[in-house]
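How does the following fold in three dimensions:
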Amino acid sequence: MQGKLPFLKVKGTRIVDETGRTVMLRGVNLGGWLMMEGYMLFGRNIPEKGFRESFEKQLGKEALEDFTRSFRDTFIREEDIKIIKSWGANCVRIPFNYRLLEFEDRPFSLNEEGLRYLNRAIGWCEKHGLYCILDMHAAPGSQNPGWHSDSYGKPEFFTNEFNIDRYLRLWYFLAELYKDSSAVAGYDVLNEAVVPFHKEGSLNDLYRKVTREIRDADKKHIIFLEGNFWAQRLAFLGKPKDPNTVYSIHTYAPFDFTHNLKIGLYYPGKVYNVTWTKERFEMLARPYTMFRNFNNVPLYMGEFGVNARDGHFGEVKWVADMVGIFNANDIHWTYWTYKTVANYAFPDGIYRYLDNPPWVNRQGPAYGWETFASLWPREKGRMIFSWRTENFTLNEKLHAVLKKGFSGKKKK
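Numbers count the residues shown, from 1 in each chain. You can find the predicted model right below:
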């Protein structure tokens, strides 16, 4: 068992532990676990709530609870934390839906069953010496129009004071609960917010409010604040109001290449009539690092990832170049994501499920998680077993690049 991890804090542009030693956070996201996403299970990208509503309509509430518990117990286990630690990573980011912790029909009521999974994950991290970042991936009402904020396309978080109040209360509760847990590196308070550019002040106001809520309960942990417009725009944030703050960005550029939305694109190569190379990405990184240095705040790349095509289209080189740039510029990072069912589009996992049982059913017409309800009564055991990481295949080329990056070695 690992000894207790030291608390982390911000010192200028660095993250340091209690001894003053610089710590570079490098790891992976546990995407698709406590916030389910369709493509990760080879399904359509409908909101998680849509999947759950359909499942319950077909099989009832008790079956949905049985499914939810089975999936969460199996998709990520203690063994996965041990694997990630063995790679040389020191951090996992844990995306979660606010519905994990609060009943939709009973606002401000705690879902203790859901909380058990966060507690368990943090316990595993403590035991095996990994820091974790708690990421609210979907806030009440949805903070952007994407399925990955549990939205049908109409975000109703910023326009509804009731939803904002629920959000603030949740973060106060989590800060009070985990204030003494040193394995928690900090709180990523809102994933990929999207507000109109002329209303970025409202996002800044929200960040000030949630910071006050957290600091009323917890003076120790780092607060991670993401930029606007899918975690890309930072300028509106200015200098951090709280000294123990890190700014976070995400990148999937160029989008059509990383998501394999336009078939046959290569890296390095031309996308959107622009030639994308490592030199171009180094140029794009400069404004961010200059902003970091000017505002004296650390910078964290919370998400970056690519659809795997067996390395034939330069996707592994894209990852190598990204990691090399982050490490060379002292940018903390977590790769998106740890495991997925292998898909033709969207960033997929370091571990990929390659088989084609009925609950994947790549030939269609129904496929992925939209087959789950019809198959659950007779295929439950096989489905549950298939979600274990031992049945996934490691992407060896991608793993080699990331493992080198976790070590902090700089690409020459």
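
number of nearby residues for residue 243?
Other residues lying near residue 243 total 12 when counted by other CB atoms under 10 Å. Using the backbone N, CA and C atoms, a C-beta is placed for each residue, glycine as well.

so how far is residue 335 from the nearest residue to it once chain neighbours are set aside?
Leaving out its chain neighbours, the residue that sits closest to residue 243 by CB to CB, 6 or more residues apart in numbering is residue 10, at 6.3 Å. Separation of residue 10 from residue 335 (CB to CB, to the nearest Å) stands at 22 Å.

before we move on, the earlier item: show me the beta-bridge partners of the residue nearest to residue 243.
Bridge pairing for residue 10 (DSSP bridges) gives the partners residue 15.

Do you know the pLDDT at it?
Looking at residue 10, its pLDDT is 98.

cool, residue 310 as well?
Note on residue 310: pLDDT of 88.

The one 3 residues further on too?
At residue 313, the predicted lDDT confidence score is 97.

Now it: phi and psi?
phi -120, psi 10 (degrees, to the nearest 10).

hey, which helix or strand in the chain has the poorest pLDDT?
Ranked by mean pLDDT, DSSP states H and E, the weakest helix or strand in the chain is strand 106-110, scoring a mean of 82.

Just the residues contacting it, thanks.
Strand 106-110 is contacted from outside by 101, 102, 103, 140, 162, 166, 169, 173, using CB atoms under 8 Å, 6 or more residues apart in numbering.

between these, which is closest to residue 285?
residue 140 (33.9 Å; CB to CB).

Contacts only, for the closest one.
Contacts of residue 140 (CB under 8 Å, 6+ apart): 98, 102, 107, 157, 160, 162, 163, 164, 166, 167.

same thing with residue 367?
Contacts for residue 367 (CB under 8 Å, 6+ apart) come out as 42, 43, 360, 361.

Could I get the pLDDT score of it?
Confidence score, pLDDT, at residue 367: 97.

same check, this time on the one 3 residues further on
Per-residue confidence at residue 370 stands at 96 (pLDDT).

How about residue 30?
pLDDT, residue 30: 98.

Could you do residue 115 as well?
97.

Assign a three-state SS to it, would you?
Secondary structure, DSSP: H, G, I helix; E, B strand; the rest coil: residue 115 is helix.

So it sits against residue 100, correct?
Yes. Here residue 115 reaches residue 100: they are 7.5 Å apart, a contact under CB atoms under 8 Å.

These two - which one has more neighbours?
Taking other CB under 10 Å, residue 115 and residue 100 do not tie; residue 100 has more neighbours (22 against 16).

Nearest spatial neighbour of the more buried one, chain-adjacent residues omitted?
residue 114 (3.9 Å).

Okay, and the beta partners of residue 135?
Listed by DSSP bridges, the beta-bridge partners for residue 135 are residue 95, residue 188.

At which residues are the strands of the stretch 301-412 of the chain located?
332-335, 339-341, 351-353, 393-394 (DSSP state E, counting those that start in this stretch).

and these, which is most packed in?
strand 332-335 (a mean of 27; mean count of other CB atoms under 10 Å).

What pairs with it, parallel or antiparallel?
Partners of strand 332-335 in its sheet, by DSSP bridges: strand 26-29 (parallel), strand 299-304 (parallel).

Make JSON lines from the ones you listed and add mean neighbour count and distance to residue 356 to it.
JSON lines is the format used below for the strands paired with strand 332-335 (neighbours: other CB atoms under 10 Å; distance: least, CB to CB, whole Å):
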{"stretch": "strand 26-29", "mean neighbour count": "25", "distance to residue 356": "25"}
{"stretch": "strand 299-304", "mean neighbour count": "25", "distance to residue 356": "28"}
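
Of those strands, which is nearest residue 342?
That would be, of the strands paired with strand 332-335 and by CB to CB, strand 26-29, which comes in at 17.0 Å.

Which residues does the next helix or strand after that closest one contact?
Sequence order places helix 48-59 as the next helix or strand after strand 26-29, per DSSP states H and E. Identification of contacts with helix 48-59 by CB under 8 Å, 6+ apart yields 35-38, 43, 63-64, 67-68, 97, 99, 104, 138, 147, 150, 152, 369-370, 372-374, 376-377.

hmm, back to that, least confident pick among the contacts of strand 106-110?
Minimum confidence in those sits at residue 103, scoring 81.

Residue 160 contacts residue 143, doesn't it?
No. Using CB under 8 Å, residue 160 makes no contact with residue 143, being 11.2 Å away.
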